[in-house]
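sequence and predicted structure below; questions after.
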Amino acid sequence: MTTTSAFPTVLESTLRDVIATGVIEGLTAVGRSGHFVIVVRIGSIDMQVAGTRGKPRAFASVASVVTFLTRMGVRKFQVDATEFKPGRVRGPRPDRTEAMRRATTQATKKSKDR
């Protein structure tokens, strides 16, 4: 299995149907920088699992891949961690951090006022 990111994609909804037909020859969780992607092999074609908007779906850990695939009915797959580099799936969101800080401060203030 090659680990290039230039795979065609298959939507999650289509993947369910493909799994049900039994034509998948292999599933591999491929490590990237900060995340894993799922590569599906059908015949000689490798396709990367994409979300509903068509972008490749990124999983933070192998555990999240296991959860996703078991919900799809898959019990066996491979893991290729040769290019995995620990990190964050998404970048930090300072705006959300500040919003959560304000919400927590307000909740604490209200509970003390009671």
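That came through, no problem. Numbers count the residues shown, from 1 in each chain.

okay, helices next: where are they in this structure?
Using DSSP state H, the helices of the chain run over 12-21, 62-71, 94-113.

would you mark the buried spots in the first one?
When neighbours are counted by 16 or more other C-beta atoms under 10 Å, the buried residues of helix 12-21 are found to be Leu15, Ile19. Every C-beta, even on glycine, is put in place using the N, C-alpha and C of the backbone.

hmm, back to that, deepest-packed of the helices of the chain, please.
With neighbours taken as mean count of other C-beta atoms under 10 Å, these reach their highest mean count in helix 62-71, at a mean of 15.

angle of it against helix 12-21?
On the basis of axes from the mean of the first three to the mean of the last three C-alpha atoms, to 10 degrees, helix 62-71 is oriented at 60 degrees to helix 12-21.

tell me which of the helices of the chain sits nearest to Pro56.
Nearest to Pro56, of all the helices of the chain, is helix 12-21, at 11.2 Å by C-beta to C-beta.

same question for the closest one, mean pLDDT?
What helix 12-21 shows for mean pLDDT is 91.

report all helices and strands that that helix contacts.
Using 3 or more C-beta pairs under 8 Å, 6 or more residues apart in numbering; DSSP states H and E as the contact test, the elements touching helix 12-21 are strand 36-42, strand 45-50.

and the ones you listed as TSV, adding mean neighbour count, distance to Thr14 and mean pLDDT?
Shown next, in TSV, are the helices and strands packed on helix 12-21 (neighbours: other C-beta atoms under 10 Å; distance: least, C-beta to C-beta, whole Å; pLDDT from 0 to 100):
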stretch	mean neighbour count	distance to Thr14	mean pLDDT
strand 36-42	21	10	95
strand 45-50	19	9	94
